[in-house]
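*Asks:* Fold the following for me, if possible:
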Amino acid sequence: MRVVHVINQFPPNITAGLGRYVEEITPHLARDLEMAVFTLNDGRLPVHERRDGVTVYRPLGRLLGAISRRRRLNRTRRAEFVLLAVNVVVSNWRYFLRLRRLAPGQRPDLVAVHDSTNFLAALLCHYVLRLPVVFHVHTTEYGVAPQRSITDPVGVFAALERWLGRIARRVVVATPEVREQLAAAGWDRDTIDVVCLGGTFERRLAGVDRAALRSGAAALRARLGIADGDPVLLFVGRVERQKGIYQLLEAMEKIAVALPRLRLVIVGEGDEAGVARIVADAGLEGRVLTSGGFVDVAALLEYYELADLCVFPSLFEPFGLVATEAMALARPTILGDGFSRIFLGDPADPAVRYARSADPGSIADAVIDLMADPVARRALADSGERFVRERLSWAGAAKETIAVYRSALARK
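*Replies:* Got it, this is the predicted structure:
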């Protein structure tokens, strides 16, 4: 089966969970598929490449390429988000032109389009090239829009998603909650398949040197200026409204009173200026530390090793690979109720603890309770690590994904 994936991130261009997803699942998909990836170019990558059995095409425009080569665009800033959006649309047009140049017998059997940002490629492949399309929904406008400061008042983006849902032979989502959300918005439930993702660091953790990891975490603690014995609360993710970062910062005012030695470490890029302003206004200087932007996997592992407790209070999360990252490394984890309930595992032996994302008091209470109870933290860490190891698998996710593709091709 020949499949083209249209996706905005592909190694080494990884800036969010979507990049982690494609990095982990692609080796498994490539074992059974003749696979090509059409993706964005950050201005420094080859246009054509053969990588780990996958043909990669990254079109490069002169203007956007020149901008990207100078610095990586930050999607949480409005002007830079517009540039990124333009880059996606222009790249989609070039994907279509490349496919159109192929003889009919050389075209893919199926085009897998990831997220509605790649709407142009999906529509052109369906209506012009008459190619079967599978739509992977990694995030939804219904969930994201309420978390933005400026939403889409006339529902253009949500309507666009519904359009893609109608033309796609199958729609792939990561949790039952997203399927229910789409069905409630009028999507055909019978075309929606749930394929849970794997554990983020599945391959990397197989040979990780834990002694070296602990040593790196100790050096990181020193660089951050955190005293020995001071507990660390860790947040990883884009610094934006959807991730619940502002509720977490508000919760820190209560947490700081109960746990004066605790330090919140924020890893990610986005509204760093907003965080600094809130920290200063709340008198939390020295209690809230930041990574200064996106970090690579090696550094991220050290941040997780540093943490006594992880908290991800997302208001909306279609899956949330940060949860599997923390759990895989046996870090006790608090999730916002924007996450799927699949992470709970066995209610009698929960793998995570949930808090109400929109309620800073609920977040603070969960943090204070767990930090005061090392036995509960250890139990949560053990259950979370076991959950990821036993329940989540990238090989299984790839097998289910390929089954969806076969089903799509069987459907007339």
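*Asks:* Doesn't residue 134 belong to a strand?
*Replies:* Yes - assigned with DSSP: H, G, I helix; E, B strand; the rest coil, residue 134 falls within a strand.
*Asks:* mind listing what it touches?
*Replies:* For residue 134, the contact set (Cβ atoms under 8 Å, 6 or more residues apart in numbering) comprises 110, 111, 112, 113, 168, 169, 170, 171, 172, 404, 405, 408. All C-beta spots, glycine's among them, are computed from the backbone N, C-alpha and C.
*Asks:* So what are the sheet partners of the helix or strand containing the third one and their directions?
*Replies:* Spelled out, that is residue 112. Following DSSP states H and E, one finds residue 112 within strand 110-114. Paired strands of strand 110-114, with direction, are strand 2-6 (parallel), strand 133-136 (parallel) (DSSP bridges).
*Asks:* Tabulate those strands (TSV), appending distance to residue 309 and mean pLDDT.
*Replies:* Putting the strands paired with strand 110-114 into TSV (distance: least, Cβ to Cβ, whole Å; pLDDT from 0 to 100) gives the following:
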stretch	distance to residue 309	mean pLDDT
strand 2-6	36	97
strand 133-136	32	97
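*Asks:* Let's see the pLDDT reported for the closest residue in space to residue 388 that isn't next to it in sequence.
*Replies:* Counting by Cβ to Cβ, 6 or more residues apart in numbering, residue 199 is the residue found nearest to residue 388 once chain neighbours are left out, at 4.1 Å. With respect to pLDDT, residue 199 scores 81.
*Asks:* Let me know the average pLDDT across stretch 55-67.
*Replies:* Computed over stretch 55-67, the mean pLDDT rounds to 75.
*Asks:* What of stretch 284-304?
*Replies:* For stretch 284-304, the mean pLDDT works out to 90.
*Asks:* ok, then the element right after the strand holding residue 112?
*Replies:* Next along the chain from strand 110-114, counting by DSSP H and E, comes helix 119-127.
*Asks:* Quick one: the helices in the stretch 201-350 of the chain, in order.
*Replies:* 210-224, 245-258, 272-282, 297-306, 321-328 (DSSP state H, counting those that start in this stretch).
*Asks:* Give me whichever of those is most buried.
*Replies:* Mean neighbour count (mean count of other Cβ atoms under 10 Å) peaks for helix 321-328 among those, with a mean of 26.
*Asks:* give the contact list for residue 135.
*Replies:* 113, 122, 164, 165, 168, 170, 171, 172.
*Asks:* who wins for neighbours among these?
*Replies:* Within those, residue 113 tops the neighbour count with 29 neighbours, counted by other Cβ atoms under 10 Å.
*Asks:* My read is that that one contacts residue 137, right?
*Replies:* No - if you go by Cβ atoms under 8 Å, residue 113 and residue 137 don't touch, sitting 9.9 Å apart.
*Asks:* and stretch 388-404, how far from the chain's centre?
*Replies:* Put simply, stretch 388-404 sits 17 Å off its chain's centre (Cα atoms, centre = their mean, to the nearest Å).
*Asks:* Just the residues contacting that stretch, thanks.
*Replies:* Here stretch 388-404 makes contact (Cβ under 8 Å, 6+ apart) with 1, 24-25, 28-29, 31-33, 134, 170, 172, 193, 195-199, 202-203, 324, 327-328, 345.
*Asks:* ok, now stretch 226-234?
*Replies:* By Cβ under 8 Å, 6+ apart, the residues outside stretch 226-234 that reach it are 221, 255, 259, 261-265, 267, 289, 303-304, 306-311, 326, 331, 367, 371.
*Asks:* quick revisit: a strand runs through the residue nearest to residue 388, doesn't it?
*Replies:* No - Residue 199: not assigned to a strand; according to three-state DSSP it is coil.
*Asks:* Would you agree it is in contact with residue 330?
*Replies:* No - the pair residue 199 and residue 330 fails to qualify as a contact (Cβ under 8 Å) at a distance of 11.9 Å.
*Asks:* Those two: which is more packed in?
*Replies:* residue 199 (25 against 18).
*Asks:* for the closest residue to residue 344 other than its chain neighbours, which residues make a bridge with it?
*Replies:* Distances taken as Cβ to Cβ, 6+ apart place residue 350 nearest to residue 344, at 5.4 Å, with adjacent residues excluded. Taking DSSP bridges as the rule, residue 350 bridges to residue 345.
*Asks:* Can you pull out the low-pLDDT segments for the protein?
*Replies:* For the chain, applying pLDDT under 70 flags the ranges 62-82, 141-154, 412.
*Asks:* Tell me how it divides into domains.
*Replies:* Per automatic domain parsing, the structural domains of the chain span 2-198+393-410, 204-391.
*Asks:* Looks like residue 322 contacts residue 307 (just checking).
*Replies:* No - using Cβ under 8 Å, residue 322 makes no contact with residue 307, being 11.7 Å away.
*Asks:* Name the secondary structure element that contains residue 407.
*Replies:* Per DSSP H and E, residue 407 falls inside helix 394-410.
*Asks:* who's in contact with the residue nearest to residue 344?
*Replies:* For residue 350, the contact set (Cβ under 8 Å, 6+ apart) comprises 344, 380, 383.
*Asks:* And for residue 99?
*Replies:* Here residue 99 is in contact with 4, 107, 108, 111, 125, 129, 131 (Cβ under 8 Å, 6+ apart).
*Asks:* can you redo these as TSV with distance to residue 15?
*Replies:* Below are these laid out as TSV (distance: Cβ to Cβ, whole Å):
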residue	distance to residue 15
4	22
107	30
108	26
111	23
125	25
129	30
131	28
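*Asks:* Need the max-distance pair from those residues.
*Replies:* 4 and 129 (10.6 Å; Cβ to Cβ).
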